[in-house]
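>>> predicted model and sequence below, questions to follow.
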Amino acid sequence: MTTLSSHDLPIECPACALPYRQCCGPLHHENAQPISPEALMRSRYAAYVLGYYPYILETYASTSRQQLSVSDLSKSATNTRWLGLTVLDTQLSSTNQNNAQSPQGEVEFKVYYAENKRVYCLHERSVFVQESGYWRYLNGTMGSANGEIQLKRNERCVCGSNKKYKQCCLPKVA
Ligand SMILES: [Zn+2]
Ligand SMILES: [Zn+2]
């Protein structure tokens, strides 16, 4: 594992539009814990973009973690180019576990990515639970916008840059 003083770390976080040292860097490299389901969701997306698959595995809830491995995760994303993340909604609630109230959270988001020259939207509402006081990703349900999307060259890019697609992510997709 690298440390935050390593030189090859990104300046800007791919998930938060903040300096990486201020948001997901300490979560990925210094065992800091996300303070909310949204912070965890963003840090997991950033870990996919940066290829930190062990972090993704660690932040699954224990039931899902047992069925996964770091190599499964990295294989599943080998051909994926991540384009951007938009968080649409977050909600905190609680669930009854072993007769005690335990915090639970939901985050709805859209992630855009390209595979084999096609662009897709992953539209998901994720459920997060706390295990030993730490937020973990439990599971998610697909939203209505999930699936392949057709982007025109002059359309605004999906990554949130406000640039035209042809001047932004198109070269990464093609
Ligand atoms: Zn971040
Ligand atoms: Zn773009």
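Looks like it came in fine. Ligands and ions are numbered 1, 2, ... in the order given.
>>> tell me the contacts of the residue nearest the centre of the chain?
Residue closest to the average C-alpha location in the chain (Cα atoms, centre = their mean): Y45, at 1.9 Å. Going by Cβ atoms under 8 Å, 6 or more residues apart in numbering, Y45 touches 14-15, 82, 85, 109, 111. From N, CA and C alone the C-beta is placed, and that goes for glycine too.
>>> quick check: I35 is in a helix.
No - counting by DSSP: H, G, I helix; E, B strand; the rest coil, one finds I35 to be coil, located in no helix.
>>> show the residue spans covered by the helices in the chain.
All helices of the chain, identified by DSSP state H, fall at 24-29, 37-50, 53-58, 62-65, 70-76, 170-173.
>>> circling back: most neighbours, which of the contacts of Y45?
Using other Cβ atoms under 10 Å as the neighbour test, the contacts of Y45 are led by A15, with 25 neighbours.
>>> grab the nearest non-local neighbour of L57.
Closest residue in space to L57, ignoring its immediate chain neighbours: V70 at 5.5 Å, by Cβ to Cβ, 6 or more residues apart in numbering.
>>> residues near that neighbour, how many?
14.
>>> got the residues of the chain near ligand 1?
Within reach of ligand 1 by Cβ under 5 Å from the ion, the chain has these residues: 13, 15-16, 23-24, 46.
>>> and the residue lying farthest from the centre of the chain, what pLDDT?
Largest separation from the mean C-alpha position in the chain: N99, at 31.4 Å (Cα atoms, centre = their mean). N99 carries a pLDDT value of 76.
>>> beta partners for the residue nearest to L122 when sequence neighbours are not counted?
Distance criterion Cβ to Cβ, 6+ apart; nearest residue to L122, sequence neighbours excluded, is V111 at 4.3 Å. V111 has the following beta-bridge partners by DSSP bridges: L85, L122.
>>> same question for Q130.
Applying DSSP bridges, one finds that Q130 bridges with W135.
>>> check K164 too.
R156.
>>> that one contacts R153, correct?
Yes - the criterion here is Cβ atoms under 8 Å, and K164 meets it with R153 at 7.1 Å.
>>> neighbour count winner among the two?
Comparing K164 with R153 by other Cβ under 10 Å, the one with more neighbours is K164, at 15 against 9.
>>> which parts of the protein sit against ligand 2?
Within the chain, the positions near ligand 2 by Cβ under 5 Å from the ion are 157, 159, 161, 168-169.
>>> does T86 touch F109 like I think?
Yes - here T86 lies in contact with F109, judged by Cβ under 8 Å, at a distance of 6.4 Å.
>>> who's in contact with the nearest residue to E38 once chain neighbours are set aside?
Counting by Cβ to Cβ, 6+ apart, T90 is the residue found nearest to E38 once chain neighbours are left out, at 4.7 Å. Residues near T90 by Cβ under 8 Å, 6+ apart: 36-38, 105-108.
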